[in-house]
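Participant: Need coordinates for the following:
(chains A and B)
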Amino acid sequence: MTTPVRDDAAVAASSRPGVAGGDGVGRPGTSRRRRGGGARGSHASSSRGVAPAAPPLSAGAGLGLGLAVLWLSLLVLLPLAAVIATAAAGGWDGVVRVLTQPQTVAAIRLTLEQAALVTVVNAVMGTAIAWVLVRDRFPGRRVLDVVIDVPFALPTVVAGLVLLALYGPQSPLGVDIANTKVAVAFALAFVTLPFVVRTVQPVLETLDRSAEDAARSLGASGWTVFRRIVLPALAPAIAAGAALSFARGVAEYGSLVLISGNLAMRTEVASVRMLGYIEGGDMAAAAVVATFLLAISLAVTLGLGLFNRVGGRRG
Amino acid sequence: MSIEIRDVTKTFGSFTALDDVSVAIRPGSLTALLGPSGGGKSTLLRIIAGLETADSGVVTIDGADATRLPPQKRGVGFVFQHYAAFPHMSVARNIAFGLEIRKRPKEEVRARVDELLRLVHLEQFGDRMPSQLSGGQRQRMALARALAVEPSVLLLDEPFGALDAKVRKELRDWLRRLHDEVHVTTVFVTHDQEEALEVADEIVVISQGRVEQTGSPDALYDRPANSFVMSFLGPVTQLDGRLVRPHDIEVLGIEVRDAVAGVVADVQRVGNEARVRVGVGGAPPVAVVLTRAELRALGARVGDTVWLRLAAGAATLPVDDAALAGSHPAAGVGEVGRALAGASSPRG
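Facilitator: Numbers count the residues shown, from 1 in each chain, chains lettered A, B, ... in the order given. Now for the predicted structure:
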């Protein structure tokens, strides 16, 4: 079922460069498409290297842009600005005081450590699950495909409750991980499971199988084909899923709050610490922690994006 | 290296792609697997490469049984219709891939890649990414990549199918010259009879999972084994109850012995070709192809009576296929064959 789609895409991709200039041998400097802003090509005739002025927007496009900016501002930019402003209100000393407070440091460190750990696990396991779902045919595949979304569908507190029932003091399995770091990692792994699977799966579905066939006929073993041909194609999707997974892990509250025990200096995560500050009436301190986490998340997301672009360019 | 396929059968679910197929390919030859889409020729090529496994039968490459060998152990080079470029590697790295897998020394790899880039005329393109190449350039890169590991057999699956007509023609000639230079046993799949006739030493006509005929281009064109092969390799028409090629019919302005009388129904001139349809009583109209000069000499117009007879040495076959009678006589080259294939093979 995927074959004709893949073929059409390949035809479309292949025919475009072919149209411009046939198949002339040795025509240097006719670089087309992609890399280095192929999209700019249509404007670039007069002013090379200088970004051309954007054409005026039509009424419809202007309205759309206005709506998008308004909505984003109300939902994202304004609240973010408010948090950052609150954090900054206490001055630099206030920021340093909060971020050096031992209990806060422990909470942030635990959160980042566990989120990073779970992100790495997700990158590996999510890719493996996506692979199984796309490439293998087995009874129950569709069911498994639906099960992947359960952590998304389940309210996080419910997830926490389920985990506590299964792996808490009254565990029917005899496994009690409540009030430990393992519980934190477990809860994070549970709620972030779908991210990498769902970003990798569509890419894997549309991947050109003939490149893998070509590699095999050139002598590559199954593992080599995966490492040298498949993985580079999946890397952007894996990185995107990992970034989402990390951001979610850093911010997670609901699924953790029951099973981690929130023990100060041991299993208390940053979101719980923030709640503690808010309950104590110290809004500014909560905002400082929030802003710090925001900065880390942003840095990780950008970093993974950068890694992608560099990785993609590496010949 | 010779390739031998003996009694190979392959099914996909209830669809039989290959039905007890046997083909022998001479060492050093350039062989075309020719047939309509869905006829099983690509499946046969993929079985030779090890990318598919036969349900039954034996594949022998250079005398050794390769039926169960995985593709990476067969020593075949494979070129795909849609290039199958490794998009994240430069052209040079694409070509070097097979050598790097084999852990050849860096110096050797570089020298070999340079040599191959020259061979496929992509010297200045080594550092480009595949997405920056045209279709024809990408396909030449894919060829160089396949040749890099010095395969004993080179397999090409509709290699020019995704290219436009002009580039296709160029690459076709180029493949012929390359084969004369490199002499590796080469098998390519095509549904384009012109491509097969022009490039191949040997043609295997495959349809509906069976081999219809094997032979040199001349043998197939002049002595087709059946009406399918005849109509697939070129236009056909019917004269006096026989299948015949439109250019094998003589048109005369005067009555002679054994000639069939008819009335010119329609004249179409395309370049140097004049396609004439002659209505004969009680049978489908006869399509004849003349040169412009011949038409001028004949001086026939629509409505004139003419006499038709077979040219000396013309290949003819009895009309034995019901599907053929219904197809438009002497449509453009190949169209009849495809119409026939379409009519008799619902799977297309």
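Participant: any idea which helix or strand comes after the helix or strand that contains residue A:151?
Facilitator: Using DSSP states H and E, the element containing residue A:151 is helix A:150-153. Per DSSP H and E, the first helix or strand lying C-terminal to helix A:150-153 is helix A:156-167.
Participant: In terms of pLDDT, where does the residue in chain B positioned nearest to chain A sit?
Facilitator: Nearest to chain A, among the residues of chain B, is residue B:136, at 3.0 Å (Cβ to the nearest Cβ). The C-beta positions use only the backbone N, C-alpha and C, and glycine is treated the same way. Residue B:136 carries a pLDDT value of 89.
Participant: And residue B:163, by the same measure?
Facilitator: The model reports residue B:163 with a pLDDT of 85.
Participant: Who's the closest spatial neighbour of it, skipping the chain neighbours?
Facilitator: Nearest residue to residue B:163 in three dimensions, chain neighbours excluded: residue B:135, at 5.0 Å (Cβ to Cβ, 6 or more residues apart in numbering or on different chains).
Participant: That neighbour touches residue B:167, doesn't it?
Facilitator: Yes - using Cβ atoms under 8 Å, residue B:135 is in contact with residue B:167, at 6.7 Å.
Participant: Neighbour count: those two, which is higher?
Facilitator: More neighbours surround residue B:135 than the other of residue B:135 and residue B:167, with 26 against 20 (other Cβ atoms under 10 Å in any protein chain shown).
Participant: Tell me if I am right that residue B:69 is in a helix.
Facilitator: No - with DSSP: H, G, I helix; E, B strand; the rest coil as the criterion, residue B:69 is located in coil rather than a helix.
Participant: longest helix anywhere in the chain?
Facilitator: No chain was given, so I picked chain A. Assignment by DSSP state H gives helix A:102-135 as the longest helix of chain A.
Participant: not what I meant, chain B
Facilitator: Counting residues, the longest helix found in chain B (DSSP H) is helix B:165-182.
Participant: so after that helix, what's the next helix or strand?
Facilitator: Downstream of helix B:165-182, the next assigned helix or strand under DSSP H and E is strand B:185-190.
Participant: neighbouring contacts of that following strand?
Facilitator: With contacts defined as Cβ atoms under 8 Å, 6 or more residues apart in numbering or on different chains, strand B:185-190 is touched by B:1-3, B:25-34, B:41-42, B:45, B:48, B:152-161, B:175, B:179, B:196, B:199-200.
Participant: And for stretch A:267-277, what's in contact with it?
Facilitator: A:103-104, A:106-108, A:110-111, A:114, A:179-181, A:183-184, A:250-253, A:256-257, A:260-262, A:283, A:285-286, A:289-290, A:293.
Participant: Dump it to CSV, keeping only the CA atoms.
Facilitator: Extracted in CSV, the C-alpha atoms of stretch A:267-277 (Å, rounded to 0.1, in the frame of the first residue of the first chain):
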residue,chain,number,x,y,z
THR,A,267,12.8,12.4,45.2
GLU,A,268,11.4,15.9,44.9
VAL,A,269,11.3,17.2,41.3
ALA,A,270,11.4,20.8,40.2
SER,A,271,7.7,21.1,39.5
VAL,A,272,6.9,19.9,43.0
ARG,A,273,9.5,22.3,44.4
MET,A,274,7.8,25.1,42.5
LEU,A,275,4.5,24.2,44.0
GLY,A,276,6.2,24.3,47.4
TYR,A,277,7.4,27.8,46.7
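Participant: Would you show me how to pick out the buried ones of the contacts of stretch A:267-277 in ChimeraX?
Facilitator: Remark: buried members of these, expressed as a ChimeraX selection using 16 or more other Cβ atoms under 10 Å in any protein chain shown:
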select /A:104,106,107,108,110,111,114,179,180,183,184,250,251,252,256,257,260,261,262,283,285,286,289,290,293
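Participant: Also within reach of chain B: list those from the contacts of stretch A:267-277.
Facilitator: The subset of those within reach of chain B, by Cβ under 8 Å from any Cβ of the partner chain, is empty.
Participant: For the longest helix of chain A, which residues meet the burial criterion?
Facilitator: Buried residues in helix A:102-135, counted by 16+ other Cβ under 10 Å: A:104, A:106-108, A:110-112, A:114-115, A:117-119, A:121-123, A:126-127, A:129-131, A:133-134.
Participant: cool, and stretch A:230-239?
Facilitator: Those would be A:230, A:232-239, for stretch A:230-239 by 16+ other Cβ under 10 Å.
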